[in-house]
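# Next input, structure requested:
(chains A and B)
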There are 2 protein chains.
Amino acid sequence: MYKFSDRIKDLNGTATREIFKLLSRPEVISFAGGMPAADCLPCDIINGIASEILSGNDAKHVLQYGTTEGDSVLVEQLLLHMESLGVRATKSEIQVLSGGQQGLDLMCKAFINNGDVILVENPTYLAFLQIAKTYQANVIGVDSDDSGLVLSDLENKLKAHRPKLLYIVPTFSNPTGRTYTEQNRKAIVELCDKYGTVIIEDDPYGLLRYSGEVVPLVKSFDSNGRVVYVTSFSKTISPGLRIAFACGNSEIIRKISIGKQGTDVQNVGLTQRIVAEYLRRGHFGRVLERNIKVYAARRDAMLSALDEYMPDCIKYTRPCGGLFVWAELPKHIDTKAILPEALEHNVAYINGSEFFVEVDGKQVGHNTLRLNFSNSDEQKIDKGIKALSEIFKRHIG
Amino acid sequence: MYKFSDRIKDLNGTATREIFKLLSRPEVISFAGGMPAADCLPCDIINGIASEILSGNDAKHVLQYGTTEGDSVLVEQLLLHMESLGVRATKSEIQVLSGGQQGLDLMCKAFINNGDVILVENPTYLAFLQIAKTYQANVIGVDSDDSGLVLSDLENKLKAHRPKLLYIVPTFSNPTGRTYTEQNRKAIVELCDKYGTVIIEDDPYGLLRYSGEVVPLVKSFDSNGRVVYVTSFSKTISPGLRIAFACGNSEIIRKISIGKQGTDVQNVGLTQRIVAEYLRRGHFGRVLERNIKVYAARRDAMLSALDEYMPDCIKYTRPCGGLFVWAELPKHIDTKAILPEALEHNVAYINGSEFFVEVDGKQVGHNTLRLNFSNSDEQKIDKGIKALSEIFKRHIG
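Predicted structure coming up:
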């Protein structure tokens, strides 16, 4: 009966969001989402800060309208945060966001006309693919390996398509958990500079490192305003606060601000100030250090369980950080078809095909899956991986 | 250097947002924005509720990811809220929003292809015009008078353009402060039903009534899923909390949810629950009653000052509620050109031309302006209107 827009009429909900609604059954062990552990959420600290703000002189300020660009006290802290990551920026290069994903949406809003090309690593973050659909973009996958994007493939596609944007999650990638090397990052910036393509560096997980050496941000190699860095406090403080930000050339940030004016106008005053105080008082580093121990143990538990239970024909990544392990089953296995069976056995995951763009008109990745380890304790991880391995073994035959 | 999208490359910030940044000078008396009075913000109540939530069993819940549709405790309260407004709805007909404006954006996202027609009252809410531009919609104005939309003009334009959407603020309209009659509302629903046009009923001010009789919502006359009702708690509780919602046919609400998945994913958990508890505990009605007295006195002060100081050739509305008075100066006066002079004299307003779409290819409304009375006390209102009248008199000559 309704005449919906072309961008949305055939669009279904994203797999992670839709599965989220099904996970209210407490007996389900979920490797599906990308949720921080409930015990890692700093409730007491946030409670203390919130109550100071709301009983103090700035209560009226945070409950009133604020600027679209973001609370100035928070922006100051974000500049220090960027400095700690090796990037010097100024106020006009920062836009506070309601979650990192809003940054991806606003970047597409600022750059993409119907049919414009966006390059992505293939596989990539599924929500970005959904966002790109709402802008009717032509999304093309770039091959990747253990060191990052395959540079020859990247250059071929930059040359052939002159894409407006390249979208990457270069550190503890979603979904594969892999990290691009420093050399790969430099080369990506140089190539994109050469072909006039803007890079979105999405980095929600970078600070969740459990082993290995820190690799500099892609943004740190950016001398020509080519890289817009987007990060979020959803995995490192709390997703419910919805505080994230973008850091990039001020001309791009201005367009993002104008785009944000036309949607949710501004971020929540209270949660902006909570995060500002949380950073200013040094809770960020302290709590992160504690949480990293929790997640490292869970990653180890997942890798041990995979090593113990999974048959040799199943391959998986061994990430140095982030929230995900990526697994590949034999070609004849369709992980999407098996998902309902897994849910019946109270285990959830996301089938890998959700993260791929088509290659030569064909859907790929049907034999892959993403496993999240942050939101289940070691016992549950062991139990869940064991149950999954039994299901997979039956299908592999 | 950057190849921005067609939708955004020529777009400047909205007048209200841009002027917002200039208003940090405390000596400026601002009639520009639509901000609630600082003293009307219920800081203590919100502080008490926030601290109960963050120290209670649900702290982890509100700081974790939540559903896109909205916190279920809040949704229950919103259904009761709708019932109090004369509309019975179910859960699947509600989408929680980060501010009412997000609802307008998501409605365009769900319905509008490039070039699709949207009808609006002329003048209308300027942010909606900005949003429509980001969807490259063809926005056409419908004439209005003291009883609402001019029905013959509406029908002619429905017939000629078969618009996807009609956008209206029928109660204490932004910018004019006028309210459509019950009869006019019924006729609008009937006409839109006949021509298959969906109505966005934007109602941020409806509960801020200082005089006159309550008029039923446009939504209350909707028997065929034609009306999507959007309201916000920005003017009645706090804008900084960013809590609003849409109520409409579940098929449309589903598309809005999918659209929201692709931008900010979900609302802030904490502020959703704060509003839920605020409503559940009955603070809403009590605080509103108190605030209405404050705003009624300010409206009266503004009308008295206008009566006293403005020359007879300046006409203005006498609104029964809301936040705005709309004024019309002699044709030879350009209120946009005078604005810098007003700012020099420490008075701000929004020039009316910002609220108009072109008529027959011509920009109209150059001699109009919008005056907000909620955010200044009676003394300041008197002083500001007096100063403005002197400036206007000089120009009228």
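# Contacts only, for the nearest residue to A:Cys43 once chain neighbours are set aside.
Closest residue to A:Cys43 apart from its sequence neighbours, by Cβ to Cβ, 6 or more residues apart in numbering or on different chains: B:Ala59 at 4.1 Å. C-beta coordinates here come from the backbone N, C-alpha and C atoms, glycine included. Each residue near B:Ala59 by Cβ atoms under 8 Å, 6 or more residues apart in numbering or on different chains is listed here: A:Leu41, A:Cys43, A:Ile46, A:Asn47, B:Ile53.
# any idea how far the third one is from A:Asp222?
Applying Cβ to Cβ, to the nearest Å, one obtains 33 Å for the distance of A:Ile46 from A:Asp222.
# who has more neighbours, those two?
A:Ile46 (26 against 21; other Cβ atoms under 10 Å in any protein chain shown).
# show me the contacts for that one.
Here A:Ile46 is in contact with A:Ile237, A:Ser238, A:Leu241, A:Ile274, A:Tyr278, B:Leu54, B:Ala59, B:Leu63 (criterion: Cβ under 8 Å, 6+ apart).
# Next up, the contacts around the residue in the stretch 51-200 of chain A positioned nearest to chain B.
Closest contact between the stretch 51-200 of chain A and chain B, by Cβ to the nearest Cβ, is at A:Leu54 (3.6 Å). Residues near A:Leu54 by Cβ under 8 Å, 6+ apart: A:Val62, A:Leu270, B:Cys43, B:Ile46, B:Asn47, B:Ala50, B:Ser51.
# The first one should be in a helix, yeah?
Yes. For A:Val62, which was evaluated using DSSP: H, G, I helix; E, B strand; the rest coil, the result is membership in a helix.
# That one and A:Leu270 touch, don't they?
Yes. The pair A:Val62 / A:Leu270 is scored as a contact, 4.8 Å apart, by Cβ atoms under 8 Å.
# what residues are shared contacts of these two?
By Cβ under 8 Å, 6+ apart, A:Val62 and A:Leu270 have these common neighbours: A:Ile53, A:Leu54, B:Gly240.
# Give me the three-state assignment for A:Val215.
Classified using three-state DSSP, A:Val215 is coil.
# State whether A:Gln272 and A:Thr68 are indeed in contact, as I suppose.
No. Counting by Cβ under 8 Å, A:Gln272 stays clear of A:Thr68, with 11.9 Å between them.
# Now do the strands in the stretch 1-150 of chain A.
Ranges of strands in the stretch 1-150 of chain A, per DSSP state E, counting those that start in this stretch, are A:29-30, A:94-97, A:117-121, A:138-142, A:144-145, A:148-149.
# Turn those strands into a markdown table, columns for mean pLDDT and mean neighbour count.
Converted to a markdown table, the strands of the stretch 1-150 of chain A look like this (pLDDT from 0 to 100; neighbours: other Cβ atoms under 10 Å in any protein chain shown):
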| stretch | mean pLDDT | mean neighbour count |
| --- | --- | --- |
| strand A:29-30 | 94 | 23 |
| strand A:94-97 | 98 | 26 |
| strand A:117-121 | 98 | 25 |
| strand A:138-142 | 97 | 20 |
| strand A:144-145 | 96 | 16 |
| strand A:148-149 | 98 | 26 |
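# mind putting these in JSON lines, distance to chain B included?
JSON lines is the format used below for those (distance: least, Cβ to the nearest Cβ, whole Å):
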{"stretch": "strand A:29-30", "distance to chain B": "12"}
{"stretch": "strand A:94-97", "distance to chain B": "8"}
{"stretch": "strand A:117-121", "distance to chain B": "12"}
{"stretch": "strand A:138-142", "distance to chain B": "14"}
{"stretch": "strand A:144-145", "distance to chain B": "24"}
{"stretch": "strand A:148-149", "distance to chain B": "22"}
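# Would you mind reformatting those strands (as JSON lines) and adding columns for distance to A:Ser84 while you're at it?
Converted to JSON lines, the strands of the stretch 1-150 of chain A look like this (distance: least, Cβ to Cβ, whole Å):
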{"stretch": "strand A:29-30", "distance to A:Ser84": "32"}
{"stretch": "strand A:94-97", "distance to A:Ser84": "14"}
{"stretch": "strand A:117-121", "distance to A:Ser84": "26"}
{"stretch": "strand A:138-142", "distance to A:Ser84": "30"}
{"stretch": "strand A:144-145", "distance to A:Ser84": "28"}
{"stretch": "strand A:148-149", "distance to A:Ser84": "23"}
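# Hmm, A:Cys313 is touching A:His332, no?
No. The criterion here is Cβ under 8 Å, and A:Cys313 misses it with A:His332 at 10.5 Å.
# Which one of the two is surrounded by more residues?
Neighbours were counted for A:Cys313 and for A:His332 using other Cβ under 10 Å; A:Cys313 has more, 13 against 10.
# For the spatially closest residue to the more buried one that is not a sequence neighbour, which residues are in contact?
Nearest residue to A:Cys313 in three dimensions, chain neighbours excluded: A:Pro330, at 5.1 Å (Cβ to Cβ, 6+ apart). The contact partners of A:Pro330, by Cβ under 8 Å, 6+ apart, come to A:Cys313, A:Ile314, A:Asn367, A:Ile396.
# quick one: contacts for the first one?
By that I understand A:Cys313. A:Leu329, A:Pro330, A:Ile396.
# Model confidence for A:Leu208, exactly?
Note on A:Leu208: pLDDT of 98.
# distance of it from A:Asp382?
Distance, A:Leu208 to A:Asp382, using Cβ to Cβ: 21 Å.
# Between those two, tell me which one has more neighbours.
Counted by other Cβ under 10 Å, A:Leu208 and A:Asp382 do not tie: A:Leu208 has more neighbours, with 23 against 18.
# What is the burial count for A:Asn12?
10.
# That one reaches B:Ile258, doesn't it?
Yes. Counting by Cβ under 8 Å, A:Asn12 does reach B:Ile258; the two are 7.2 Å apart.
# what's the nearest residue to the residue nearest the centre of chain A if we skip its chain neighbours?
Residue closest to the average C-alpha location in chain A (Cα atoms, centre = their mean): A:Pro204, at 5.0 Å. Excluding the flanking residues, the one nearest A:Pro204 by Cβ to Cβ, 6+ apart is A:Ser232, at 4.7 Å.
# Just list the residues touching the one you found, thanks.
Neighbouring residues of A:Ser232 by Cβ under 8 Å, 6+ apart: A:Leu97, A:Gly99, A:Gly100, A:Pro204, A:Ile243, A:Ala244.
# Report pLDDT for it.
A:Ser232 is given a pLDDT of 98.
# what sits opposite it in the beta ladder?
A:Ala244 (DSSP bridges).
# Can you tell me which of the contacts of B:Ala59 lies closest to A:Lys186?
Distance to A:Lys186 across the contacts of B:Ala59 (Cβ to Cβ) is lowest for A:Leu41, with 36.4 Å.
# Now do the nearest residue to A:Gly240 once chain neighbours are set aside against B:Lys60, distance only.
Excluding its sequence neighbours, the residue lying closest to A:Gly240 (Cβ to Cβ, 6+ apart) is B:Gly269, at 3.2 Å. B:Gly269 sits 10 Å away from B:Lys60, going by Cβ to Cβ.
# List the buried residues in stretch A:33-47.
Neighbour-count burial for stretch A:33-47 flags A:Gly33, A:Gly34, A:Met35, A:Pro36, A:Ala37, A:Cys40, A:Leu41, A:Pro42, A:Cys43, A:Ile45, A:Ile46, A:Asn47 (criterion: 16 or more other Cβ atoms under 10 Å in any protein chain shown).
# Fine by me, thanks again.
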